[in-house]
Structures are given as C-alpha cells and as structure tokens.
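Asker: quick one: sequence and predicted model below, then my questions.
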Amino acid sequence: MFNVLGYTKATKKSVDQAVADLGTSVESNGFKVLNQLDIAGILNSKGFDCEPTRILEVCHAPSAAVVLEANVDISLLLPCKINVYQRDGQTYVSALDPAMMKQFFAEPEILKIANEVEVSIKRIVDQAV
C-alpha cells in the first residue's frame, strides 16, 4: 500500500519479529541499520501512552555518497527511515519513499539514485513482512 509519504505493508508478525526480520532484510540488500529508536519506550517512560513504535534508520553508503555530493541539503532526508509499529493489534512495516526526494531536488544524480533506492526499500519491506 502506498500513502503520501511511503510504502506500508501489514504483517502477522509481532513488532519484535518484524524488526528482527527487517534487520536481516536490510543487511541482505546491502544496506546497514545505523540506529533503532524505540519511540513507544521513550514516550511511555515520560508518562505518555503509545503503542509499539520503532524507527530503524538505514543507509546504503554508496548511494548516500553520490546524493550528498550532488546536493548536501539532501542530508535533511537521510538516513532512510523504516518504521515498525502496531495499531489496534495489527503490526505494520512502513518506509519513507526515497522517490519523494524527486519533489525537492532536480539534480540528475539524485533522481537516478532515488529511483534505485526506492526499488531496494520496497524489496526490503516486502522481504521483512
């Protein structure tokens, strides 16, 4: 399913299992998980009620190097985010669509990489669910 910002798929897996499988999928596609944020854990520790929500920040270094060289402002959109969250008992894996960069940047190198990374990110999500 596509939404305005990205690509989202439901899974029957738990959040923990989806995150684990996502990590494997990220690595097998030549990307690296740079960071994992437990948003629900942070909010819950501050007294706010939040269903499980994790954000994985992932990077494909060769692609990042090319787009940063073309326009350093693209760093505002890096690293790529892939979220795993649960709403009303249903787990979802959702990735920001890298092709979205085409709305903000016109450099040919960025457009080419955005299309390539879009294919990879969708494959990563599909493999993880």
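Answerer: That came through, no problem. Source: prediction; values computed, not measured.
Asker: hmm, what's the outermost residue in the chain?
Answerer: G47 (26.8 Å; CA atoms, centre = their mean).
Asker: before we move on, what SS does it have?
Answerer: coil (DSSP: H, G, I helix; E, B strand; the rest coil).
Asker: how about the strands of this protein, start to end?
Answerer: Secondary structure of the chain (DSSP state E): strands located at 6-11, 32-38, 53-59, 80-87, 90-96.
Asker: tell me, what residue is most central in this structure?
Answerer: I82 (2.2 Å).
Asker: hang on, that residue packs against I124?
Answerer: Yes: I82 is within contact range of I124, at 7.0 Å (criterion: CB atoms under 8 Å). Heads up, the C-betas are built off the backbone N, CA and C, glycines and all.
Asker: so what angle separates the directions of the helix of greatest length in the chain and strand 6-11?
Answerer: Looking across the chain with DSSP state H, the single longest helix is helix 108-128. Angle of helix 108-128 versus strand 6-11, following axes from the mean of the first three to the mean of the last three CA atoms, to 10 degrees, is 10 degrees.
Asker: how about helix 108-128: buried residues?
Answerer: Under the neighbour-count criterion of 16 or more other CB atoms under 10 Å, helix 108-128 has 110-111, 113-114, 116-118, 120-122, 124-125, 128 buried.
Asker: so what does that helix touch, helix or strand wise?
Answerer: Judged by 3 or more CB pairs under 8 Å, 6 or more residues apart in numbering; DSSP states H and E, the packing partners of helix 108-128 are strand 6-11, helix 15-28, helix 61-70, strand 80-87, strand 90-96.
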